[in-house]
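[1] what's the 3D shape of this:
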Amino acid sequence: MATQIDKEACREAYNQVRDDNSDTKCLKEKEEEKEERKERYKEQQNQLIKYYRNKQHLDTITEEYTGLINTTCRK
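    Have a look, this model is predicted:
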């Protein structure tokens, strides 16, 4: 007795699993997405840190410059 494999059903199931619209994702893809999110988050954190360091530096320069102008104008 020969066993028949429904090739069309197998192909359809395979395409459904690989389809981007499918809710089924393999564990490796989920882990890769998780790592990508972590990298994007770290990059955003680094950008914010740079922004606030630059802002703090500019605020310090502005205060020094304002103090210099006030000192010079009072003379």
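
[2] and the average pLDDT for stretch 33-51 is what?
    In this model, stretch 33-51 has an average pLDDT of 90.

[3] swap that for stretch 12-30, sorry
    The model assigns stretch 12-30 a mean pLDDT of 72.

[4] all helices of the chain, in order?
    7-18, 27-74 (DSSP state H).

[5] in JSON lines: those helices, plus mean neighbour count.
    Glycine gets a C-beta too; all of them are placed from N, C-alpha and C. Putting the helices of the chain into JSON lines (neighbours: other Cβ atoms under 10 Å) gives the following:
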{"stretch": "helix 7-18", "mean neighbour count": "10"}
{"stretch": "helix 27-74", "mean neighbour count": "10"}
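
[6] quick one: Gln44 from Glu63, how far?
    To Glu63, Gln44 is 29 Å away according to Cβ to Cβ, to the nearest Å.

[7] could you do Tyr51 as well?
    Taking Cβ to Cβ, one finds Tyr51 at 19 Å from Glu63.

[8] now swap in Arg11 and tell me
    70 Å.

[9] which phi and psi does Asp6 have?
    Taking degrees, to the nearest 10, you get phi -80, psi 100 for the backbone angles of Asp6.

[10] near it, how many other residues are there?
    For Asp6, the count of nearby residues is 9 (other Cβ atoms under 10 Å).

[11] measure it to Val17 for me?
    From Asp6 to Val17 the distance is 16 Å (Cβ to Cβ).

[12] do Glu64 as well
    63 Å.

[13] same check, this time on Asn54
    Asn54 is 48 Å from Val17, by Cβ to Cβ.

[14] and for Glu43?
    Relative to Val17, and taking Cβ to Cβ, Glu43 is found at 32 Å.

[15] same question for Tyr51.
    Applying Cβ to Cβ to Tyr51 and Val17 gives a distance of 43 Å.

[16] contact partners for Lys28?
    Contacts for Lys28 (Cβ atoms under 8 Å, 6 or more residues apart in numbering) come out as none.

[17] gap between it and Lys34?
    11 Å.

[18] so for the protein, the centremost residue is which one?
    Taking Cα atoms, centre = their mean, the centroid of the chain lies closest to Arg40, which sits 2.1 Å from it.
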